[in-house]
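> What follows is a predicted structure for the sequence shown.
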Amino acid sequence: MFKPSFYLLLLIQSLLSFSTTTTYSHEWYDWENEPKLYDLSAEESKASAVIIKDKRILEYVYDDDKKLVLYETKHKIIRINDDAAAENFNKVVVPTRDINDFMALKARAISPAGKITLLNRDNIKELDNIENMGGFKIFAIEGVEKGGEVEYFYTTKSDNADLYGRETEQSMFSTKTASVDIITPKNLIFETKSYNGFPDLSAIETDSIRTLSATLNNIPPILEETYANYQSNLMYFDYKVSYNKEYPFKKRLYNWDMASENFSSLIYDYSTNVEKMVLKELKKQKLLSIKNEEQRIIAIEKYLKNTIALQNGHGGEFVQIDKIMTNHYASELGMCRIFAAFLTAAGISHELIITSDKTNARFDQDFASWNNFTDILFFFPKLQKYIAPTVFPYRYGFAPYTYTDNYGLFIDNRTYQGNVKQISSSKANDNINGIKAVVNLDNISSPIINFNYTWTGYRAAEFRTFYQIQKDEGMKPFVTASIDDAKVINLKVSNGSIEDSAYPEKIFTIDSQVEIKSLIERAGSSYLFKVGEIIGGQQELYQEHERQNPIDMQYPIKYTRQISFTVPKGYTVKGLETAKIDKYIKNKETGEYSNRFLSDYEQKDNQITINCTEYYEQVSLPKSEYEPFREVINAAADFNKIVLVFEKN
């Protein structure tokens, strides 16, 4: 969401004292003058590409002006085994937002025959600020061939460097050798923590510098898989400065207390005049007259999200509350600040949560990594509910699912004291997708289905957002069961306002009547009834390789489906037994069903009712549970293929 160091670096550097040096110790580092192609194993030769070497050096030094400067070196060698890899690695992109200068910049291609093509400086391009992500330097490498190698090496200088960071050491390509060094002045003590199998960094000290290092050989590739948080499963390590040995009080840096103090200042620091301005607006909008606190919170969220537009920007107009109230637009940080001001002025006790998107990296409650301070929520302890100020589709209730079942730093808005706690998750019964389908077979060649679709929780919030843009016409694809010849006769949406998401009892509903001729197919004197297609197309899981990632679904969810029909006069139905399916996973601790697909039928004379329940309460599972999980997922696809037969008496 935003980089804390942009606002906090000056506060933190005031705690550092300085021992100056005029150069960096790894200035000697270079590539081989006479490179040779590396040998690959038979298995490595089958891959699209192999990263032969991935060397990284991060060195902090004090310059002549006693300012901390970061020199960062990256050196990679990649073997190219096919045309796709040649296309993928024939250019290098370097973000330049915080970079002042390039101390070194080299690249070359080595052909299978050993021919070396050096970087043509004319192929280096500079791009200005792209979507507020800063600038980029792009250099294209000529002479890249299948069977050859690409090598590049650069060292950058930054005098606005963060004192923390993250390095990801794994990708979709295997790496033969990955190594990293973090070099600092001896007085600065950095700490690191490694994840997903990357080794811990070890420390070596000399008279003037301290070096943290790690090396790992033969890092396997990780492939993207369905139901997996790919990015958070890669090998990586976080680092941060924790102590300055020359500081007299040995104050610990970049810890939870410092984060609580600085984020409180970042969000809640505004003038008395701004307080008066906010209070005046609360009175004008009659928000203070709402006696029920929960309804007051909902009304404040509705007012701010309906009147303040979220925009990219970094100037004062995007973060200063008085200007936001005048201009009616704000950055993400500005939106968090104005929410905090309104909630505080309205006398609502709350906690500020600083957390991370768990699909990118899980928040570690045991290591105060400032890389995880990327997103902001508000929590109301008395009500046990959340608001995501910058996520407009979601309203008061559960936190967006990318933050749930994850940890965060909870900061009390009165004391500014923080504690690391878990962000609670919803249950499957909070996110129900329901289908009731009554099939009219009076005209057997043109069945008419009366659908009642219902959604609660996260899916309802997403549908409501879509509905604001597409209206009834945009809902038609969702009620036609993804069947091409389906014809919508009528359609009605209920509880479609985005604000309805704050009220769980307001179920997003679509009632429709649909003609689907293709559900019936003539077979001699009989008819085939594709009853399973009524629930719509279902995902099937296939795995061509051994599962690599643990299982992570977005959130707990439950599907309920009921299909009822009357067997046409003069016919008997066959194949109902195929509607009996039961696939499940049991919680190993409680023995209860955690994930399950269960379908069955009831028959009373010619009246048939098929009931199907599918739910996923346990959304994170080890990869050892992949096969039973796959069976549950695929059971819905099996149901979708059910075909009944109407045989003539």
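Looks like it came in fine.
> and the longest helix for this protein?
Secondary structure assigned by DSSP state H gives helix 457-475 as the longest helix of the chain.
> Alpha carbons of stretch 591-603, in PDB - could you do that?
Taking Å, rounded to 0.1, in the frame of the first residue of the first chain, the C-alpha atoms of stretch 591-603 are listed here in PDB:
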ATOM      1  CA  GLY A 591     -12.700 -35.600  13.600                       C
ATOM      2  CA  GLU A 592     -15.500 -33.400  12.100                       C
ATOM      3  CA  TYR A 593     -16.100 -32.900   8.400                       C
ATOM      4  CA  SER A 594     -14.100 -29.800   7.400                       C
ATOM      5  CA  ASN A 595     -14.500 -29.900   3.700                       C
ATOM      6  CA  ARG A 596     -17.300 -31.900   2.000                       C
ATOM      7  CA  PHE A 597     -19.400 -32.400  -1.100                       C
ATOM      8  CA  LEU A 598     -22.600 -34.300  -0.300                       C
ATOM      9  CA  SER A 599     -25.500 -34.800  -2.700                       C
ATOM     10  CA  ASP A 600     -28.600 -37.000  -2.500                       C
ATOM     11  CA  TYR A 601     -32.200 -37.100  -3.800                       C
ATOM     12  CA  GLU A 602     -35.700 -37.600  -2.500                       C
ATOM     13  CA  GLN A 603     -38.600 -39.100  -4.500                       C
END
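> Show me the shaky parts of this structure.
Scanning the chain for pLDDT under 70 picks out 1-22, 130-133.
> quick one on the thing from earlier: and for the longest helix of the chain, what's in contact with it?
For helix 457-475, the external contacting residues (Cβ atoms under 8 Å, 6 or more residues apart in numbering) are 392-395, 398, 400-401, 426, 430-433, 455, 478, 491, 493, 496-498, 500-501, 504, 507-508, 510, 554-555, 557. The C-beta positions use only the backbone N, C-alpha and C, and glycine is treated the same way.
> So which residues of the stretch 301-450 of the chain form helices?
With DSSP state H, counting those that start in this stretch as the definition, the stretch 301-450 of the chain shows helices at residue ranges 316-319, 321-327, 332-345.
> what's the first one in contact with?
What that stands for is helix 316-319. For helix 316-319, contacts defined as Cβ under 8 Å, 6+ apart pick out 311, 323, 324, 327, 329, 330, 331, 333, 334, 337.
> what comes up buried for it?
Within helix 316-319, the residues that count as buried by 16 or more other Cβ atoms under 10 Å are 317, 318, 319.
> From the chain's centroid, how far away is that helix?
27 Å (Cα atoms, centre = their mean, to the nearest Å).
> From the contacts of helix 457-475, keep the buried residues only.
By neighbour count, with 16+ other Cβ under 10 Å, the contacts of helix 457-475 hold 392-395, 398, 400-401, 426, 430-433, 455, 478, 491, 493, 496, 498, 500-501, 507-508, 510, 554-555, 557 as buried.
> Next step: those restricted to strands.
432, 433, 455, 491, 493, 508, 510, 557 (DSSP state E).
> Number of residues surrounding the residue lying closest to residue 356 once chain neighbours are set aside?
Nearest non-adjacent residue to residue 356, counting by Cβ to Cβ, 6 or more residues apart in numbering: residue 372, 4.0 Å away. Residue 372 has 26 neighbouring residues, counting by other Cβ atoms under 10 Å.
> The one 4 residues further on too?
For residue 376, the number of neighbouring residues by other Cβ under 10 Å comes to 27.
> and it, how far is that from residue 570?
Using Cβ to Cβ, to the nearest Å, residue 376 is found at 65 Å from residue 570.
> Residue 103: what secondary structure?
strand (DSSP: H, G, I helix; E, B strand; the rest coil).
> Stretch 447-465: how far from the chain's middle?
Centre-to-centre, stretch 447-465 and its host chain are 24 Å apart (Cα atoms, centre = their mean).
> sorry, that was for stretch 472-483
Distance, stretch centre to chain centre, for stretch 472-483: 28 Å (Cα atoms, centre = their mean).
> Next: stretch 346-353.
Centroid separation for stretch 346-353 versus its chain: 26 Å, with Cα atoms, centre = their mean.
> Then stretch 29-39?
Remark: stretch 29-39 is offset 38 Å from the chain centroid, using Cα atoms, centre = their mean.
> Mind listing residues that contact it?
The contact list for stretch 29-39 (Cβ under 8 Å, 6+ apart) reads 52, 57, 73, 75, 77, 79, 104, 106, 108, 110, 112, 114, 116, 148-149, 151, 153, 155, 176.
> what's the first-to-last distance across it?
End-to-end distance for stretch 29-39: 24 Å, by Cα to Cα, to the nearest Å.
> ok, and for it, which residues are buried?
29, 31, 37.
> Same question for stretch 342-349.
342, 343, 344, 345, 346, 348.
> Okay, the third one and residue 300: tell me how far apart.
So that's residue 344. The gap separating residue 344 from residue 300 is 11 Å, by Cβ to Cβ.
> One more: the fifth one?
Distance check for residue 346 against residue 300: by Cβ to Cβ, it reads 6 Å.
> got it, and the second one?
Look at residue 343 and residue 300: by Cβ to Cβ, they are 7 Å apart.
> Next: residue 637.
Separation of residue 637 from residue 300 (Cβ to Cβ): 44 Å.
> Those two - which one has more neighbours?
Between residue 637 and residue 300, counted using other Cβ under 10 Å, the more crowded position is residue 300 (23 against 15).
> residues in contact with the closest residue to residue 596 other than its chain neighbours?
Closest residue to residue 596 apart from its sequence neighbours, by Cβ to Cβ, 6+ apart: residue 584 at 4.0 Å. Residue 584 makes contacts with 593, 595, 596, 597, 598, 628, 632, as judged by Cβ under 8 Å, 6+ apart.
> Quick one, which of these are buried?
Applying 16+ other Cβ under 10 Å to the contacts of residue 584 flags 595, 596, 597, 598, 632 as buried.
> wait, doesn't the third one sit right on residue 640?
By that I understand residue 597. No - contact criterion Cβ atoms under 8 Å: residue 597 and residue 640 do not qualify, at 11.5 Å.
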